[in-house]
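In: The amino acid sequence is not available; the structure is as follows:
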């Protein structure tokens, strides 16, 4: 059975402001020294498993040019632009219906565009196990990351009995508090929910029809119109009519035959500016310094310089990010609050800075 | 007797980098909301005591245009440019010799150009007492600031018996450690050394001749050449030959008839970026915010925005100063270390940023 992939690249990357902007979000940025963007890395690491002609990019019309520029080998017709944000369930149904026009069933990998993977060989072999599990039945498979510390910012997967290469999923749980996260870690029965899914198109579409029929029939109509002159109009009408819902809540928490394949491949969701020091090399004072920076007596500090000089003196546990029109100075304890700045700028009508 | 004033404006203001630059130092900047520069304020508050034609600016040739622009009512010939930095004793001797060409003795106020005064009426009445003390004999008078806390960054004046409007000075002491500063404060016999001096030209010149004869005779030769075609050449030769020495060490610690007039007029030496929150109004979280700034959950923080947006999130006890080509992020405990950045930039040949 053919393996296809859908890379979800519609996010706005607000937590990476000011480098990430609505017009140029995180997945289209490079946050590593090699200069490759997040989405370029995502595609590259998939190539042992999926041909470029079978990789689809799910995004927004305003990012089409970035996707085309950064991924010149992906067929232009594989860049699927959603007319409105509707979360992951409609996104997946849309892509599944389009791919189904080409193949009479196929394996479908659903992958975020803005995560990093440290050990790509293990990543590929983990996906292979997930593909085998997906092929062997009407199964919905998710990659669970073996947790290394009690993170409170991720959802967890509680797994049960082993079943060949995978484990039955008992339940998905929301972001826990620290004590709960510690108990999950101690139990050895919980994995981090990575947001990577593997299934046959027939398996996920059966479940969407069962649990989200409006999404299913809308997606079918979009798939039928794909490539026709009516496509834009149908997509606009049908997609916008879909409810906004995540595949986790809409399908995974309700369906049967849910499996997880545990993975330990140096996964990082690059969820905030805190990630930069994790994914790059730090100095002896635990600083990560990049670009046009002078500093004196700083500790545990990340500085991403821009065109101008950034001078950091005596600060600790701070993240400084300079860009042409904005500089962020953020405590490491407050990286999630970068969104509050974006909200303020929105209110003030300073949309050119967002 | 005429009252004249010499405003010392040759400093480089390194502790106010990046706003203060070698090419445009602190005394020529405005650090207050009214937009007046430090030197403009210094001149303005003197006008009840000294006519503009009797105010002299002691500075460096590279600051002549700034002094002329900012102080258009000061006669151009009153802007005295030192050919090399030689600390305050040669500076004062040079100015005294020049003023002596115009007046057969006069009162001479020697004042820093980059301090702030909160209550100008008290400042003026304090100077009047100092002038009276200076006129009454061969006295050297300094203004001592009544200390309000055990500052370790200033020199202190230990005063003795009262003598009309002033007190005899027992001794000058260097910057103390905290315990010593606390004992000074508790004793009630110590004042902060403000670096403001008041004397007759004849009094200071007699002392310079006695304690620093090379400086005295050099200054006399400069004074004789002042206004003649040879002036530049004589100034260059004689001034550069003078030893670099402060008037405190070279004269005040050695001379007799030293007096101090205590003053409580809201003096601030504006010695580092910490001053900005002292001299401006802060918000309920003790933040001072100026310019193009968005912020969330910050405390005890000073942000001076520039053209670009500064976004400050979750930080405490930090000073952020944005300019076109450099942004400073400095812990409040490290404001003196801004000089280390300047030293680094110097080493790296990045003189355009200094």
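Out: The structure has been received and is ready for your questions. It should be emphasised that the depicted structure is a prediction, and the values quoted were computed from it without experimental measurement.
In: which residues touch stretch A:180-197?
Out: A:92, A:109-112, A:115, A:140-147, A:149-152, A:154-160, A:170, A:172-173, A:176, A:204, A:247-248, A:252, A:260, A:262-263, A:267, A:269 (C-beta atoms under 8 Å, 6 or more residues apart in numbering or on different chains). Any C-beta I mention is one placed from the backbone N, CA and C, and that applies to glycine too.
In: So which of these are in helices?
Out: Counting by DSSP state H, the contacts of stretch A:180-197 place A:92, A:204, A:247 in helices.
In: didn't the first one look like it was pressed against residue A:6?
Out: Which is residue A:92. Yes - contact criterion C-beta atoms under 8 Å: residue A:92 and residue A:6 qualify, at 6.9 Å.
In: so what sits against both of these two?
Out: residue A:110.
In: Nearest to the spatial middle of chain A, which residue is it?
Out: residue A:112 (2.6 Å; C-alpha atoms, centre = their mean).
In: so how many other residues sit close to residue A:281?
Out: As a burial measure, residue A:281 scores 7 neighbours (other C-beta atoms under 10 Å in any protein chain shown).
In: quick one: contacts for it?
Out: residue A:288.
In: Now it: which helix or strand?
Out: Residue A:281 belongs to no helix or strand when assigned by DSSP states H and E.
In: Distance of it relative to residue A:32?
Out: Distance of residue A:281 to residue A:32, computed by C-beta to C-beta, to the nearest Å: 11 Å.
In: swap in residue A:44?
Out: Distance from residue A:44 to residue A:32, by C-beta to C-beta: 12 Å.
In: Same drill for the two, tell me which one is more crowded.
Out: Each of residue A:44 and residue A:32 has its neighbours counted (other C-beta under 10 Å); residue A:32 has more, 15 against 12.
In: and that one, that's in a strand?
Out: No - using DSSP: H, G, I helix; E, B strand; the rest coil, the secondary structure at residue A:32 is coil, not a strand.
In: my guess is it contacts residue A:275, does it?
Out: No - Residue A:32 lies out of contact with residue A:275 (C-beta under 8 Å); the separation is 10.3 Å.
In: Pull up the overlap in contacts between the two.
Out: Shared contacts of residue A:32 and residue A:275, defined by C-beta under 8 Å, 6+ apart, comprise residue A:116.
In: ok, back up a step: let me see the backbone angles for the closest residue in space to the residue nearest to the centre of chain A that isn't next to it in sequence.
Out: Residue nearest to residue A:112 in three dimensions, not counting chain neighbours: residue A:195, with 5.2 Å by C-beta to C-beta, 6 or more residues apart in numbering or on different chains. Dihedral pair for residue A:195: phi 80, psi 20, per degrees, to the nearest 10.
In: Ok, residue A:185 next?
Out: Torsion angles, degrees, to the nearest 10, at residue A:185: phi -60, psi -40.
In: burial of it, as a residue count?
Out: 17.
In: List the single closest residue to residue A:116 in space, sequence neighbours excluded.
Out: Using C-beta to C-beta, 6+ apart, the nearest residue to residue A:116 is residue A:268, at 4.5 Å.
In: same thing with residue A:86?
Out: Nearest non-adjacent residue to residue A:86, counting by C-beta to C-beta, 6+ apart: residue A:244, 4.6 Å away.
In: how close does the one you found sit to residue A:84?
Out: From residue A:244 to residue A:84 the distance is 9 Å (C-beta to C-beta).
In: I'd say residue A:311 and residue A:320 touch.
Out: No - in this structure, residue A:311 is not within contact of residue A:320 by C-beta under 8 Å, at 9.8 Å.
In: shared neighbours, those two?
Out: Common contact partners of residue A:311 and residue A:320 (C-beta under 8 Å, 6+ apart): residue B:329.
In: can I assume residue A:31 is in contact with residue A:38?
Out: Yes - counting by C-beta under 8 Å, residue A:31 does reach residue A:38; the two are 6.8 Å apart.
In: Pull up the overlap in contacts between these two.
Out: What both residue A:31 and residue A:38 touch, as defined by C-beta under 8 Å, 6+ apart, is the set A:116, A:270.
In: How confident was the prediction at the closest residue to residue A:351 other than its chain neighbours?
Out: Once flanking residues are discounted, residue A:351 sits nearest to residue A:345: 7.3 Å by C-beta to C-beta, 6+ apart. At residue A:345, the pLDDT value in this model is 96.
In: Equivalent analysis for residue A:250, please.
Out: In this prediction, residue A:250 carries a pLDDT score of 96.
In: Tell me who's in contact with it.
Out: Counted by C-beta under 8 Å, 6+ apart, residue A:250 has contacts A:89, A:208, A:211, A:212, A:215.
In: Looking at the residues you listed, which is nearest chain B?
Out: Set against chain B, the nearest of these by C-beta to the nearest C-beta is residue A:89 (32.4 Å).
In: what helix or strand is that closest one on?
Out: Counting by DSSP H and E, residue A:89 is part of helix A:88-102.
In: Next, the buried residues of that helix.
Out: A:88-100 (16 or more other C-beta atoms under 10 Å in any protein chain shown).
In: what does stretch A:182-190 give?
Out: A:184, A:185, A:190.
In: Low-confidence ranges, the stretch 51-200 of chain A, go.
Out: In the predicted model, the stretch 51-200 of chain A carries no residue with pLDDT under 70.
In: Which residue would be the closest one in it to chain B?
Out: For the stretch 51-200 of chain A, C-beta to the nearest C-beta, closest residue to chain B: residue A:153, 16.1 Å.
In: what phi and what psi does the backbone show at the residue nearest to residue A:86?
Out: phi -80, psi 120.
In: My read is that it contacts residue A:91, right?
Out: No - using C-beta under 8 Å, residue A:244 makes no contact with residue A:91, being 10.1 Å away.
In: any residues touching stretch A:330-349, and which ones?
Out: A:14-17, A:272-274, A:300, A:317-321, A:328, A:351, A:353-354, B:294-297, B:309, B:311-316.
In: just checking, what packs against the helix holding residue A:89?
Out: strand A:3-8, strand A:55-60, strand A:79-82, strand A:107-112, helix A:201-211, helix A:213-225, helix A:231-241, helix A:247 (3 or more C-beta pairs under 8 Å, 6 or more residues apart in numbering or on different chains; DSSP states H and E).
In: Please state the offset of the second one from the chain centre?
Out: Going back to what we said before, that points to strand A:55-60. 12 Å (C-alpha atoms, centre = their mean, to the nearest Å).
In: same check, this time on the first one
Out: Centroid separation for strand A:3-8 versus its chain: 12 Å, with C-alpha atoms, centre = their mean.
In: Sheet partners, orientation included, of it?
Out: Strand A:3-8 has the following strand partners under DSSP bridges: strand A:55-60 (parallel), strand A:107-112 (parallel).
In: Can you name the residues of chain A sitting close to chain B?
Out: A:17-18, A:294-297, A:308-316, A:318, A:320, A:322, A:324-331, A:333-335, A:337-338, A:340-341, A:344-345, A:350, A:353 (C-beta under 8 Å from any C-beta of the partner chain).
In: This completes my enquiry, with thanks.
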